[in-house]
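Q: Sequence and predicted structure, then a few things I'm wondering about:
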Amino acid sequence: MAEDLFFQKVYNVVKQIPHGRVTSYGAIAEFLAARSAARMVGWALNASHCSAQNIPAHRVVNRNGQLTGKHHFGVTGLMQQLLQSEGISVENDTIKDFHKHFWDPNRELLR
DNA sequence: TTGCTGACCGACG
DNA sequence: CCGTCGGCCAGCA
């Protein structure tokens, strides 16, 4: 364990996201006992991009289900493409039935 | 060392 | 309804 680093915790949660499932920055932040720390979650994912680990950051979106971080994937449309590849309907950079694909770490991982 | 910014969220006016 | 602000932590100039 020893997740002294904030991003290490984020990676741990994001990597546990099931296939075809999505979550929000706030949910992860809340899982880290810091609801308002959602900003750092996105920032941690940004670092994950540089990390050698496979972080499915495309499964992480904002509360609105919008692919706010799609621009950070390097290629426009890649994030949407990946989500659709997992069976998630995405349109206009927004996930359809977001709550239906929503995966809450606090509810699935039990704190 | 200080200060700003950041893939957000919720509250306030 | 929409614009603005505060908050959390860590990296960078």
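A: Received it, and whenever you're ready, just let me know what you need. None of the values given here were measured: they were computed from a predicted structure.
Q: What segments of chain A are strands?
A: For chain A, strands defined by DSSP state E occupy the ranges A:23-24, A:60-61, A:90-91, A:94-95.
Q: I'd like those written out as TSV, with mean neighbour count added.
A: C-beta here means a position set from N, CA and C on the backbone, and glycine is covered the same way. Converted to TSV, those look like this (neighbours: other Cβ atoms under 10 Å):
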stretch	mean neighbour count
strand A:23-24	22
strand A:60-61	27
strand A:90-91	16
strand A:94-95	20
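Q: right, so of those, which gets closest to DNA strand B?
A: DNA strand B lies closest, by Cβ to the nearest atom of the strand, to one member of the strands of chain A: strand A:23-24, at 4.2 Å.
Q: close to DNA strand B, is the closest one?
A: Yes - shown here: strand A:23-24 in contact with DNA strand B (Cβ under 7 Å from any atom of the strand) through residue A:24.
Q: Packing partners of that strand?
A: Using 3 or more Cβ pairs under 8 Å, 6 or more residues apart in numbering; DSSP states H and E, the elements in contact with strand A:23-24 are strand A:60-61.
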